[in-house]
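K.L.:
structural data only, the sequence is not supplied:
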């Protein structure tokens, strides 16, 4: 015996799907609406925030602090010298290890290509552009995988862009993948 699950008529099902999508789109109406007030540590906005006034997509990320461990020899007691110039007692040193923050952890917001642009063909272009510049070593597969993200981050570091591994609009323009606005030409 076969049992059938009751199904909604197509028009009702489509209406429900559109109502659900409309509810989702309302939450992306403005950047102010999508900016969380209590951001957790880690990725702050997934997916990218869309500013409907300018049609620009933004992403937010937390860049980690860079901490360096410094070890120094500190003079505790200077050497004691005799009148003939010989050493009566050598100097005493103490090893001191401390951590020094080179760059504070910070939250950054940056422009990014919108999800509509990030097609497999565009992603493959990103990989080819990074490969041509010596940053990417891997297959051109059209996915923004870990290897591609690492290559993007190395390129961003050399270009003095945010170091997130997320493709920023600035990085895409530097790679020649996104056109510059007329006012920047």
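P.N.:
Arrived safely, thanks for sending. None of the values given here were measured: they were computed from a predicted structure.

K.L.:
OK, contacts around residue 141?
P.N.:
124, 127 (C-beta atoms under 8 Å, 6 or more residues apart in numbering). No exception for glycine: its C-beta is placed from N, CA and C like everyone else's.

K.L.:
how much space between it and residue 166?
P.N.:
Relative to residue 166, residue 141 is positioned 18 Å away (C-beta to C-beta, to the nearest Å).

K.L.:
ok, residue 68 next?
P.N.:
25 Å.

K.L.:
neighbour count for these two, which is higher?
P.N.:
residue 166 (20 against 10; other C-beta atoms under 10 Å).

K.L.:
how about that one, nearest residue that isn't a chain neighbour?
P.N.:
Nearest residue to residue 166 in three dimensions, chain neighbours excluded: residue 59, at 5.6 Å (C-beta to C-beta, 6 or more residues apart in numbering).

K.L.:
for residue 91, the count of nearby residues, please.
P.N.:
For residue 91, using other C-beta under 10 Å, the count is 12.

K.L.:
quick one: contacts of stretch 98-113?
P.N.:
With C-beta under 8 Å, 6+ apart as the criterion, stretch 98-113 contacts 39, 44, 48-49, 56-70, 72, 122, 162, 164, 166-170, 172, 178.

K.L.:
in helices, which of those fall?
P.N.:
Among those, the residues falling in helices (DSSP state H) are 122, 169, 170, 172.

K.L.:
looking at it, the second one is touching residue 175, isn't it?
P.N.:
No - contact status for residue 169 versus residue 175: not in contact, 10.8 Å apart, counting by C-beta atoms under 8 Å.

K.L.:
contacting residues for the spatially closest residue to residue 159 that is not a sequence neighbour?
P.N.:
Among residues not flanking residue 159 along the chain, residue 174 sits closest, at 5.6 Å (C-beta to C-beta, 6+ apart). Going by C-beta under 8 Å, 6+ apart, residue 174 touches 155, 159, 161.

K.L.:
kind regards, and thank you for your time.
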